[in-house]
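Asker: For reference, the sequence and a predicted model appear below.
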Amino acid sequence: MRSLLLPALLALPFAASLAAQDKPADKPAPVRLTPLRVSPATTLSQEIGLSKIEIAFARPAVKGRKIWGDLVPFGQVWRAGANNATVITLSHPAKVAGKDVPAGSYGFFVLPGEKAWTLILNKKAKQWGAYDYKQEEDVMRWEVTPQAGPFLEYLDYRVMPTGIDGAVVELGWEKLRASFSVTFDTKALYWAHVEGKLKQAPDTDWVPWYQAAAYCQAQGIEPEKALAWIEKSLKAGESFWNHETAARILKDAKRLPEAQAHLQKAIDLSRGKAPKDYTENLEKELTSWKGAR
């Protein structure tokens, strides 16, 4: 059996080389020009807390045309831009106009009317125009009333933060504007971030434990965890940062003598290392704490 198989096995590399010689050389890619888009594409990105809102769209121009009810007909689904359908991407689950929407990318469309518009998020993010749009693929629809505004030659989107939890998204073109809210559960997202990072943090690094404790103290949450974490930070290494945070946590816990001792330590360690104003402000604060006895 071996004598029968060996010639065949030896012949395989030779046959493969012949096949390679017979195969025509790869042809170069065809030459194509890049289309010159009259409606320039752009992507708008805005951070909100740990989250991000991105809007990818192309900007059509008015060019002296009648827009609403003509170029953009009433009662027909519009791509909310030009060329590809506008895409809105949410990095985390959010509430859009008060309704829950999972993280992901969505096609954004507008169904304009004379007095009210229906705004649409569609699960099919990548599509050309609204030609392949299907209502059964809508994630949500909601109604807004457009408002008058200054003339805009090119369509524009704005994302205006309203705090660490959310923003108002505005579409504007010609003399009309339409807006809606996007909000994230930033506190829950950040707490998950804190716990996830601390699981990775070594006991020998004072910084992450200090950061977590300082966050809790600033937010007025989890005082017991804040105290445990700042003690862990101080054990790993002392700095004016973690001594100041320890002082504030202990003051919140009504342990004023201990708080004053840590604030004094922060003052001592800050000299020559922190801006002079920082040290002077801590000294003033320590004086006020002593006067509060």
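Answerer: Happy to help now that I have it.
Asker: check contacts around residue 144.
Answerer: Counting by CB atoms under 8 Å, 6 or more residues apart in numbering, residue 144 makes contact with 97, 116-117, 119, 178-180. For every residue, glycine as well, the C-beta is placed using N, CA and C.
Asker: Could you check how far it is from residue 248?
Answerer: Note on residue 144: its distance to residue 248, by CB to CB, to the nearest Å, is 44 Å.
Asker: Same question for residue 97.
Answerer: 39 Å.
Asker: As TSV, the contacts of residue 144 with secondary structure, distance to residue 292 and neighbour count would be great.
Answerer: Shown next, in TSV, are the contacts of residue 144 (DSSP: H, G, I helix; E, B strand; the rest coil; distance: CB to CB, whole Å; neighbours: other CB atoms under 10 Å):
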residue	secondary structure	distance to residue 292	neighbour count
97	coil	47	18
116	coil	58	12
117	strand	57	22
119	strand	54	22
178	strand	53	20
179	strand	47	16
180	strand	47	15
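Asker: how about those in CSV, adding distance to residue 203 and pLDDT?
Answerer: Below are the contacts of residue 144 laid out as CSV (distance: CB to CB, whole Å; pLDDT from 0 to 100):
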residue, distance to residue 203, pLDDT
97, 46, 98
116, 59, 97
117, 56, 98
119, 50, 98
178, 53, 97
179, 48, 98
180, 46, 98
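Asker: Considering these, which is situated nearest to residue 29?
Answerer: Of all the contacts of residue 144, residue 119 has the smallest distance to residue 29: 40.7 Å, by CB to CB.
Asker: was I right about that closest one contacting residue 112?
Answerer: No - counting by CB atoms under 8 Å, residue 119 does not reach residue 112; the two are 9.8 Å apart.
Asker: Spell out, range by range, the strands that occur in the stretch 1-150 of the chain.
Answerer: With DSSP state E, counting those that start in this stretch as the definition, the stretch 1-150 of the chain shows strands at residue ranges 41-48, 51-58, 86-90, 94-96, 99-101, 104-112, 117-122, 138-144, 147-161.
Asker: nearest to residue 195, of these?
Answerer: Evaluated over the strands of the stretch 1-150 of the chain, closeness to residue 195 peaks at strand 51-58, with 17.4 Å, by CB to CB.
Asker: Just the mean pLDDT for the closest one, thanks.
Answerer: Averaging pLDDT along strand 51-58 yields 98.
Asker: So which bits of that strand are buried?
Answerer: By 16 or more other CB atoms under 10 Å, the buried positions in strand 51-58 come out as 51, 53, 55-58.
Asker: Let's have the strands of the stretch 1-150 of the chain in JSON lines, adding distance to residue 266.
Answerer: What follows is those, written out as JSON lines (distance: least, CB to CB, whole Å):
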{"stretch": "strand 41-48", "distance to residue 266": "31"}
{"stretch": "strand 51-58", "distance to residue 266": "33"}
{"stretch": "strand 86-90", "distance to residue 266": "41"}
{"stretch": "strand 94-96", "distance to residue 266": "39"}
{"stretch": "strand 99-101", "distance to residue 266": "44"}
{"stretch": "strand 104-112", "distance to residue 266": "45"}
{"stretch": "strand 117-122", "distance to residue 266": "49"}
{"stretch": "strand 138-144", "distance to residue 266": "50"}
{"stretch": "strand 147-161", "distance to residue 266": "32"}
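Asker: Show me the contact partners of stretch 122-140.
Answerer: With contacts defined as CB under 8 Å, 6+ apart, stretch 122-140 is touched by 76-79, 83-85, 87, 89, 96-97, 99, 101, 104-109, 120-121.
Asker: Narrow the residues you listed to those that are buried.
Answerer: Neighbour counting with 16+ other CB under 10 Å marks 77-79, 83-85, 87, 89, 96-97, 101, 106-109, 120-121 as buried within those.
Asker: need the contact list for residue 238.
Answerer: 206, 265, 269.
Asker: And for residue 113?
Answerer: 74-75.
Asker: mind running it again at 10 Å?
Answerer: Residues in contact with residue 113 (CB atoms under 10 Å, 6 or more residues apart in numbering) are 68-69, 74-75, 143, 145-146.
Asker: just those now: which is nearest residue 47?
Answerer: When the contacts of residue 113 are compared for distance to residue 47 (CB to CB), residue 146 wins out at 27.4 Å.
Asker: what pLDDT does that closest one get?
Answerer: We have a pLDDT of 97 for residue 146.
Asker: Contacts only, for it.
Answerer: 68, 110, 112-117, 171-173, 175-179.
Asker: Brilliant, that's me finished.
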